[in-house]
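Visitor: sequence unknown, structure follows:
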């Protein structure tokens with residue numbers, strides 16, 4: 001039977017390990033154990049350990065070769081931590097690694113527990129969540145589900161978030177919060193901050209106040225990272241995440257009627273600070289997404305323009321939460337009486353008055369309107385044979401996830417304008433430079449690069465070229 005020196009716990013190292021009713025292979029199977037299951041050891045007989053499974057509330061016998069034992073003494077802590085470090089970089093072994101991390105935290109003296117074990121625990125939990133989110137109908141589905149159960153028994157919490165019609169399983173980040181609360185290296189801080197601020201783990205159904213509070217917290221978390229001691233590719237990741245977060249905050253501040261210029265400038269500066277030479281290949285997607293978010297909200301950094309003579313816009317409240325945009329011709333004002341609106345259109349989006357541009361002939365006005373934080377449209381007020389019209393040009397007709405369409409210049413003659421669109425659709429990014437007919441608003445020509453269109457080489461607007469993030 002068990003002596004005083006016998007181990008206190010046994011950690012299962014192999015999936016589908018049998019817990020049997022007696023210490024022999026022919027004995028009935030009580031249940032199936034999975035890597036990471038932690039058992040209380042109560043005895044030893046014939047190469048089997050007598051154990052008790054507190055999670056399933058049943059006892060039995062398991063082969064000693066299928067588990068690793070520890071008495072959870074301080075002397076065992078260095079060995080347990082060494083295994084944790086090894087398993088941190090071993091995909092598929094997350095449940096086992098988290099069990100060793102939990103054993104180390106129990107065995108080590110409190111003063112010896114640092115950020116490294118929590119960084120490893122968070123890394124493995126985050127990777128398990130990603131694996132569970134990506135799994136399809138395949139033979140290891142049962143193993144993934146079992147590993148999630150093991151993680152839950154160790155106190156690791158996963159949160160389900162619906163994104164684009166599919167469920168995303170995300171780690172709640174408790175271990176990473178501990179990393180940021182303890183003395184940690186710059187790499188550990190960056191790893192924790194990036195994991196805690198993953199956009200795909202944000203609930204898309206949050207109310208505006210909740211979204212604003214979350215993004216404010218995300219910005220604070222990212223600011224905690226000491227980027228001065230990071231390698232360039234890690235600095236890029238922090239800056240890309242900051243660019244997206246501050247672009248969202250610029251939109252949210254404007255919606256709340258608060259100053260947004262500082263947030264927009266921080267977003268633009270973060271994107272501009274990315275060193276493209278040191279951009280890791282796997283970060284190209286994050287770079288494109290950050291650029292679209294910054295591009296959608298960049299007009300928040302522009303000052304409110306002074307009143308102009310000729311075609312201009314006038315804003316007025318419509319239905320609750322609605323803004324009505326009226327096209328005015330100040331040249332038609334009579335005395336102190338303002339001119340009558342040429343045409344009017346209302347929106348629940350943000351109207352960026354600083355984006356207003358009028359063509360030389362006074363027959364068209366372009367305006368940026370942003371209905372969502374990652375979505376900006378181009379409104380065209382233009383004169384037709386039937387009078388003035390106000391039309392909305394979306395970034396794409398293919399129901400993209402993110403996107404913006406922006407004015408880039410007027411082609412002399414009053415028949416064409418230049419525009420650029422960037423969109424993300426089903427995980428793919430597209431950027432198009434376009435020549436649009438003013439009468440029908442149909443795309444006449446388009447290309448992936450501006451230099452491929454002679455009109456862009458000759459007539460692109462200098463202010464657009466100076467401020468846009470589409471040419472990067």
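Guide: Received it, and whenever you're ready, just let me know what you need. Just so we're clear, the structure is a prediction, and the values are computed from it rather than from any experiment.
Visitor: Now do the phi/psi pair for the residue nearest the centre of the chain.
Guide: In the chain, the residue lying closest to the centroid (C-alpha atoms, centre = their mean) is residue 199, at 2.0 Å. Phi and psi for residue 199, reported as degrees, to the nearest 10, are phi -60, psi -30.
Visitor: In this structure it contacts residue 240, no?
Guide: No: assessed by C-beta atoms under 8 Å, residue 199 is found out of contact with residue 240, at 10.7 Å. Glycine gets a C-beta too; all of them are placed from N, C-alpha and C.
Visitor: now stretch 192-212, how far from the centre of its chain.
Guide: Chain-centre distance of stretch 192-212: 8 Å, with C-alpha atoms, centre = their mean, to the nearest Å.
Visitor: all helices in the stretch 301-450 of the chain, in order from the N-terminus.
Guide: Using DSSP state H, counting those that start in this stretch, no helices are found in the stretch 301-450 of the chain.
Visitor: Could you list the low-confidence segments of it?
Guide: Residue ranges of the stretch 301-450 of the chain with pLDDT under 70: 305-309, 332-338.
Visitor: How is the chain divided into domains?
Guide: 9-70, 206-301, 343-467 (automatic domain parsing).
Visitor: ends of the longest one, how far apart?
Guide: This means domain 343-467. In domain 343-467, first residue to last residue: 29 Å (C-alpha to C-alpha, to the nearest Å).
Visitor: again with the shortest one
Guide: Between the opening and closing residues of domain 9-70 we find a distance of 6 Å, counting by C-alpha to C-alpha.
Visitor: Likewise for stretch 354-362?
Guide: With C-alpha to C-alpha as the measure, stretch 354-362 spans 18 Å from end to end.
Visitor: For it, buried residues please.
Guide: Neighbour-count burial for stretch 354-362, counted by 16 or more other C-beta atoms under 10 Å, picks out 355, 356, 357, 358, 359.
Visitor: So the fourth one sits against residue 381, correct?
Guide: This means residue 358. No: using C-beta under 8 Å, residue 358 makes no contact with residue 381, being 9.2 Å away.
Visitor: circling back to that earlier point, of the domains of the chain, which approaches residue 148 most closely?
Guide: Residue 148 lies closest, by C-beta to C-beta, to one member of the domains of the chain: domain 9-70, at 10.0 Å.
Visitor: average pLDDT across the closest one?
Guide: The average pLDDT for domain 9-70 rounds to 94.
Visitor: Kindly report the same for stretch 177-189.
Guide: Mean pLDDT, stretch 177-189: 96.
Visitor: and that stretch, how far out from the chain's middle?
Guide: With C-alpha atoms, centre = their mean as the basis, stretch 177-189 stands 21 Å off its chain's centre.
Visitor: Repeat that for stretch 26-41.
Guide: The answer for stretch 26-41 is 39 Å, by C-alpha atoms, centre = their mean.
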